[in-house]
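>>> quick one, fold the following:
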Amino acid sequence: MTKHDETILCSAGINDDPAHGAVIPPLYLSANYSFDGYGGKRAYDYTRSGNPTRDVLADALATLEGGAGAVVTSTGMSAVDLVLSQLAPGARVIAPHDCYGGTWRLFAARARKKAIDVAFVDQGDADALGAALGDGADLVWIETPSNPLMRVVDIAATAKRAKAVGARGGRQHIPVAGVAEADRVGRRLCRPFDDEVSERALRCCRRRRGRGEG
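Take a look at the predicted model:
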């Protein structure tokens, strides 16, 4: 049975407490979790590496977005950094020329250290994108609408071209839709997994509660 977004949101974590049967997901504030005897590691041991409350949020986000799973980080930029950490040294990244300033600076800083090879491209220009893809790519970062210029990129078309290049080059390829302005464009209008991207980065503080920008 397919659930509507409203059903997913109101039922996430409801009546799933295995310890005491709490109807509402409890807030687990403990930093450490005990072992079940010598060598008996439970599902959680230290809250930095895993927390039951955080996992409820991750499962809800993954279900809403249609993903296989989710990782919750403390900031949007740490999520961007987490994506980059999957790449091998020197991996080629194609990013929007008008992406969020923090993302641009992170990519540029990594490029200066030779951690990645980044090309900033107007992804709305088919010829410019094609030229950049001609040199191969390990990751294509898509940000739509861009921040702050609100330029829109065709995710499906870009992902299709990126995957074709990755297949020809025989390289590890991770087309990623990084949605910086997710408070303005929610999943009803932007569903990257339907457009065959492999990962999505969400800045939840804007998407879920706003940031006082408008």
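>>> what comes up buried for stretch 100-117?
Across stretch 100-117, burial judged by 16 or more other CB atoms under 10 Å covers Tyr100, Thr103, Trp104, Leu106, Phe107, Arg110, Ala111, Ala115, Ile116, Asp117. Quick note: C-beta positions are derived from backbone N, CA and C, even for glycine.
>>> nearest to Ile24, of the residues you listed?
The closest of the buried residues of stretch 100-117 to Ile24 turns out to be Tyr100 (CB to CB; 34.7 Å).
>>> next, count neighbours for Ala31.
Residues lying near Ala31 (other CB atoms under 10 Å) number 9.
>>> what does stretch 114-133 contact?
By CB atoms under 8 Å, 6 or more residues apart in numbering, the surrounding residues in contact with stretch 114-133 are 84, 87, 89-99, 104, 107-108, 110-111, 135, 140, 142, 151-153, 158, 161-162, 165.
>>> give the buried subset of the residues you listed as a PyMOL selection command.
Filtering the contacts of stretch 114-133 down to the buried ones (16+ other CB under 10 Å) takes a single PyMOL command:
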select buried, resi 84+87+91+92+93+94+95+96+98+99+104+107+110+111+140+142+151+153+158+161+162+165
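>>> from the contacts of stretch 114-133, which land in helices?
Leu84, Trp104, Phe107, Ala108, Arg110, Ala111, Thr158, Arg161, Ala162, Val165 (DSSP state H).
>>> test my guess that the fifth one contacts Leu84.
In this case it means Arg110. Yes. Counting by CB atoms under 8 Å, Leu84 is a contact partner of Arg110 at 6.3 Å.
>>> CA atoms of the helix or strand hosting Ala119 as CSV?
Taking DSSP states H and E as the definition, one finds Ala119 inside strand 116-121. Provided in CSV are the C-alpha atoms of strand 116-121 (Å, rounded to 0.1, in the frame of the first residue of the first chain):
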residue,chain,number,x,y,z
ILE,A,116,39.4,16.5,-5.9
ASP,A,117,39.5,18.0,-9.4
VAL,A,118,36.5,20.4,-9.6
ALA,A,119,35.0,22.1,-12.7
PHE,A,120,32.4,24.8,-12.0
VAL,A,121,30.0,24.9,-14.9
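>>> so what strands line up beside it?
strand 91-96 (parallel) (DSSP bridges).
>>> residues contacting the strand it pairs with, please?
Contacts for strand 91-96 (CB under 8 Å, 6+ apart): 84, 87, 103-104, 107, 116-123, 129, 132-133, 135-143, 146, 151, 153, 162, 171-172.
>>> can you name the next helix or strand after the helix or strand bottoming out on mean pLDDT in the chain?
Of all helical and strand segments in the chain, the minimum by mean pLDDT, DSSP states H and E falls on strand 174-179, at a mean of 51. Beyond strand 174-179 on the C-terminal side, the first helix or strand identified by DSSP H and E is strand 199-202.
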